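Visitor: sharing a model that was predicted from the sequence below.
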Amino acid sequence: MSKNVDLLVGSQWGDEGKGKVVDVLGSDVDVFVRYQGGANAGHTVVADGQKVVFKLLPSGMLYPGKLCILGNGLVIDPEQFLKETSELYSRGQDRARLAISPHAHVVMPYHKLLDKLQEEARGKTRKIGTTGRGIGPCYVDKYSRSGLRIEDLLDADLLRERLSYVLEEKNSLITKLYNHSPLPFDEIYEPAKNWGEALKPYVADVRALLRQAVDDGKHILLEGAQAALLDIDHGTYPYVTSSSTSAAGAFTGTGLAPRDLTRTIAVVKAYTTRVGEGPFPTEDFTEVGETLRKNGGEFGAVTGRPRRCGWLDMPALKYAMELNGADVIALTKLDVLTGMGNIKVCVAYEHNGERFDTWPTDMRMLSEITPLYETLPGWNEDISWCKNVEELPANAQAYIKYIEQNLKTPIGLIGVGQDRSQTIVKGM
Ligand code: GDP
Ligand code: IMO
Ligand code: MG
């Protein structure tokens, strides 16, 4: 029995360029899978002069005829799903087969409202800076067993019964805790019933489909959303998202078993960005941060918010490599460092006069540490045309080697521009 299951995960705070890497690897893939998170993700693909930002759908959707799966671990906003599919269909890109797990949870309008109300209540100093897509409240319902799953939308009577109970609970919270007007039952029920009709053709036993695909030796690519440092357990809690964004989430989110996995690809951006609140040791408030934001186009693909920018953080990345069990790195946005002058890399931190080089487990400490940097020489040559490593300037090659040696993980793919074609595949 041959198997070929690749897992692709983010290694920083998201937006590493996962969508692009999935797309680049995609020509060789049979089945694309999203398995956690929801429409909080924004995965950008630029190919053949077109730019598409996938929020819910796998980034392999542009490949005709491939199977694309939304696993049970996702929280699915049906409105977003229908919007995204119809946009693709109107571009004539409808040929990918799409299947949704009946066990994925539904992001309901009250989840989005609660996300907003909760953030407002937390105020300026405590807010998480969520994407407002209802992700946290939906996962809360999943674990408190008050959630609606895709399968619940398919039976109008069952939906009515379950929603009336759940909505009563939600309205109690919405009115009593947040002083907001209640959500009328029919305004929630009617659209939800219609979503059920619209989604029905896509619903399938995707765990079984995946099992079969593994057993048939098909090439499967599991596409993580967000990234290691946003993981609900291992990230910078509470400034995280509400799902298991590191490698482990791929198994609960699909029903595949750990032994099915062949390889883990960790996507690393050549510098660091973060959107939303929370500690970020190498955040740069000088013109370096500004330049990275400008040259890297670092504005949220979902919310348009400016991303916070800074240099690479090695202790953070080592932690992410360990968490994800990375076999190979896809290094993205190397071209953004062109013309930046010397490149700094954080190699350790200082706290109360003490130096250490591991990611702190004490979250309070994270906002107090001072990063300690090594400086590497930069380059000014345009690299966006390069097709192999040897064509890169010596200092860019040295930067790649430096990262490989520090993270003890080979770099198999290097991004030198937004477009699918602007990629050096070194050994994937
Ligand atoms: P994701 O969430 O990890 O898929 O990343 P996003 O799509 O949110 O953000 C990455 C941004 O960088 C997108 O605008 C991509 O088109 C762009 N991008 C990805 N790889 C590269 C690269 O190698 N060079 C440049 N210049 N841009 C890239
Ligand atoms: P991709 O897949 C970057 C961040 C939000 C916020 C925190 C919680 O494109 O890399 P949530 O709405 O999930 O409850 O927000 O997580 N966040 C992301 N940051 N990229 C993402 O996804 C993100 N998804 C969530 O900004 O700080
Ligand atoms: Mg993104």
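Guide: Everything's here; your move. Ligands and ions are numbered 1, 2, ... in the order given.
Visitor: give me the residue from the stretch 51-200 of the chain nearest ligand 3.
Guide: residue 53 (8.0 Å; Cβ to the ion). Yep, even glycine has a C-beta here, placed from its N, CA and C like the rest.
Visitor: check which helix or strand covers that residue.
Guide: strand 50-54 (DSSP states H and E).
Visitor: contacts for that strand?
Guide: Strand 50-54 has contacts (Cβ atoms under 8 Å, 6 or more residues apart in numbering) with 19, 41-45, 61-62, 84, 88, 91, 301-302, 418.
Visitor: among these, which one has the most neighbours?
Guide: Counting neighbours by other Cβ atoms under 10 Å, residue 41 leads the contacts of strand 50-54 with 31 neighbours.
Visitor: shouldn't that residue be in contact with residue 223?
Guide: No - contact criterion Cβ atoms under 8 Å: residue 41 and residue 223 do not qualify, at 9.0 Å.
Visitor: overlap in contacts, these two.
Guide: residue 34.
Visitor: show the model's pLDDT score for residue 91.
Guide: We have a pLDDT of 81 for residue 91.
Visitor: in contact with it, which residues?
Guide: Per Cβ under 8 Å, 6+ apart, neighbours of residue 91: residue 50.
Visitor: if you set the cut-off to 10 Å instead, what comes out?
Guide: 50, 52, 62 (Cβ atoms under 10 Å, 6 or more residues apart in numbering).
Visitor: next: residue 61.
Guide: 22-23, 26, 32, 45, 52, 54, 68, 84-85, 88, 93-96, 98.
Visitor: any idea how far ligand 2 is from it?
Guide: 15 Å (Cβ to the nearest ligand atom, to the nearest Å).
Visitor: where's residue 141 relative to residue 105, distance?
Guide: 7 Å (Cβ to Cβ, to the nearest Å).
Visitor: please enumerate the shared neighbours of these two.
Guide: What both residue 141 and residue 105 touch, as defined by Cβ under 10 Å, 6+ apart, is the set 75, 111, 147-148.
Visitor: got the residues you listed as a markdown table, with neighbour count columns?
Guide: As requested, the shared contacts of residue 141 and residue 105 are exported to a markdown table (neighbours: other Cβ atoms under 10 Å):
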| residue | neighbour count |
| --- | --- |
| 75 | 28 |
| 111 | 26 |
| 147 | 22 |
| 148 | 21 |
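Visitor: now, these that are in strands?
Guide: residue 75 (DSSP state E).
Visitor: restrict the shared contacts of residue 141 and residue 105 to contacts with ligand 3.
Guide: By Cβ under 5 Å from the ion, no member of these lies near ligand 3.
Visitor: up against ligand 3, what does the stretch 201-350 of the chain have?
Guide: residue 301.
Visitor: three-state assignment of residue 183?
Guide: coil (DSSP: H, G, I helix; E, B strand; the rest coil).
Visitor: that one contacts residue 166, doesn't it?
Guide: No - using Cβ atoms under 10 Å, residue 183 makes no contact with residue 166, being 11.0 Å away.
Visitor: and for those two, which residues touch both?
Guide: What both residue 183 and residue 166 touch, as defined by Cβ under 10 Å, 6+ apart, is the set 108, 110.
Visitor: ok, longest strand in this protein?
Guide: Max-length strand for the chain by DSSP E is strand 343-351.
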